[in-house]
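[1] Sequence and predicted model, in that order:
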Amino acid sequence: MKPKQYFDAFMENTVNINDSRLQDLDDRVKTLYGVLKADDEIGSIVRSKLPQGSWAHKTIIKPVEGNEFDADFLLVMKEQDDWSPREYINKVYAALRRHGTYKEMTKKKDRCVRVVYANDCHIDIVPFIHLSDGRQVIVNHNADEWEETDPEGFTAWLKQQDDVAGRRLRLVIRLMKYLRDHHMHFKRTKSVVLTILLGGIVDPGKKVLDPAYYVDLPTAFVHLLEDLNKWLQARPTLPPLPDPSGAPNDFGHRWDQASYDNLRNKVKQIAEDARKAFDEPSNTKSHELWQSVFGTEFKKPPSGDSSSAAIGGAALATRTPPPTVRAGRDG
């Protein structure tokens, strides 16, 4: 059985992050951007900001109780001829350390500056530079080198794949992140890896053969997991993971053979369990089988629950980051 109302309630009540937290994220990013834009040393080279990662992709989920959720944004900065790549991170870090509010909240990471809000979330600020030779880059601080990227191209690719999947790809990604975070499955698999794998599996040809291939969330979940399982089982060794935006970048550094083996084995088991639940004709038995996949929070929605309308409509599928502040490539 495919209990669509159960899925809808599970997404709304258990998986999706609270709107209040998204609003807090929006407010915090605006404040951080304002602080950096006003900084006496780097403010003049700060050009704009762009949502990045799960925030831009609309795949943030509710964190495990007591854990932080995270979000990234790109800080678009003007190229400085006399700075090495790592200097951009150093300068952003120094600017926040000069500010009384953020001095003790700020950490320097390899590709970002992290601001930690205790027991709630952390925000990663990723310097992003349009080089004079036309490349778009972020910084690898440890190696002191550029990494080419196309974040807007990546987000556009994901939207395209989500549209092909009836706007259910992002929901399936959220479900897989829930299984990773709340059930400790494939816990070393980064969100960007799950996004690339599941997005890459979406196939418009499937809809030609079967127009209902992604017709609702349980159907899309089963089909995407089965298709991903076939892809993974055909590749016993760690495959390359090229950037789907077309940027000359490979995400292979985000995993290793051990984490890949774990993901490969877990996806196989989840796909098999989900298929059993999907094909089970008994409502009661099917519900038990779905709970074996998602846990006891996957349950009958309360009478009068409105989550079905929220999922069935566009609300969750189109939950968007705030409008980007843009000043143009060269300001």
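    Thanks, I have it.
[2] In space, what's closest to Lys91 - neighbours in sequence excluded?
    What sits nearest to Lys91 in space, not counting adjacent residues and going by C-beta to C-beta, 6 or more residues apart in numbering, is Ile42, at 5.1 Å. No exception for glycine: its C-beta is placed from N, CA and C like everyone else's.
[3] could you pull out the helices for the stretch 151-300 of the chain?
    151-164, 169-183, 191-201, 204-209, 217-233, 257-279, 283-294 (DSSP state H, counting those that start in this stretch).
[4] I'd like those as a markdown table, with distance to Ser303 and mean pLDDT appended.
    Listed next are the helices of the stretch 151-300 of the chain as a markdown table, based on distance: least, C-beta to C-beta, whole Å; pLDDT from 0 to 100:
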| stretch | distance to Ser303 | mean pLDDT |
| --- | --- | --- |
| helix 151-164 | 32 | 96 |
| helix 169-183 | 24 | 97 |
| helix 191-201 | 33 | 97 |
| helix 204-209 | 35 | 97 |
| helix 217-233 | 21 | 98 |
| helix 257-279 | 23 | 97 |
| helix 283-294 | 17 | 97 |
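[5] Pipe those helices into CSV and attach distance to Ile61 per row.
    What follows is the helices of the stretch 151-300 of the chain, written out as CSV (distance: least, C-beta to C-beta, whole Å):
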stretch, distance to Ile61
helix 151-164, 16
helix 169-183, 5
helix 191-201, 9
helix 204-209, 26
helix 217-233, 15
helix 257-279, 16
helix 283-294, 13
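[6] Export the ones you listed as CSV, with columns for mean neighbour count and distance to Leu74.
    Conversion of those to CSV gives the following (neighbours: other C-beta atoms under 10 Å; distance: least, C-beta to C-beta, whole Å):
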stretch, mean neighbour count, distance to Leu74
helix 151-164, 18, 6
helix 169-183, 22, 20
helix 191-201, 21, 14
helix 204-209, 12, 30
helix 217-233, 20, 28
helix 257-279, 18, 26
helix 283-294, 17, 33
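[7] which one of the ones you listed lies closest to Asn18?
    Proximity to Asn18, assessed across these by C-beta to C-beta, is greatest for helix 169-183 (13.7 Å).
[8] C-alpha coordinates for that closest one, PDB please?
    What follows is the C-alpha trace of helix 169-183 in PDB, where atoms were taken according to Å, rounded to 0.1, in the frame of the first residue of the first chain:
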ATOM      1  CA  LEU A 169      12.900  14.500  -5.700                       C
ATOM      2  CA  ARG A 170      13.600  17.100  -2.900                       C
ATOM      3  CA  LEU A 171      11.100  15.300  -0.700                       C
ATOM      4  CA  VAL A 172      12.900  12.000  -1.200                       C
ATOM      5  CA  ILE A 173      16.200  13.600  -0.500                       C
ATOM      6  CA  ARG A 174      14.700  14.900   2.800                       C
ATOM      7  CA  LEU A 175      13.500  11.400   3.600                       C
ATOM      8  CA  MET A 176      16.900   9.900   3.000                       C
ATOM      9  CA  LYS A 177      18.600  12.600   5.100                       C
ATOM     10  CA  TYR A 178      16.100  11.800   7.900                       C
ATOM     11  CA  LEU A 179      17.100   8.100   7.700                       C
ATOM     12  CA  ARG A 180      20.700   9.100   7.900                       C
ATOM     13  CA  ASP A 181      20.400  11.500  10.800                       C
ATOM     14  CA  HIS A 182      17.700  10.000  12.900                       C
ATOM     15  CA  HIS A 183      18.400   6.300  12.200                       C
END
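[9] That one packs against which elements?
    helix 53-57, helix 151-164, helix 191-201, helix 217-233, helix 283-294 (3 or more C-beta pairs under 8 Å, 6 or more residues apart in numbering; DSSP states H and E).
[10] Take these and lay them out in CSV including distance to Ala38.
    Written out in CSV, the entries for the helices and strands packed on helix 169-183 read as follows (distance: least, C-beta to C-beta, whole Å):
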stretch, distance to Ala38
helix 53-57, 23
helix 151-164, 24
helix 191-201, 31
helix 217-233, 44
helix 283-294, 46
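[11] looking at those, which is closest to Met184?
    Comparing the helices and strands packed on helix 169-183 under C-beta to C-beta, the one sitting nearest is helix 283-294, at 13.5 Å.
[12] what's next to that closest one, contact-wise?
    Contacts to helix 283-294, defined as C-beta atoms under 8 Å, 6 or more residues apart in numbering, come from residues 1, 3, 6, 10, 175, 178-179, 270, 273-274, 276-278, 280, 298-300.
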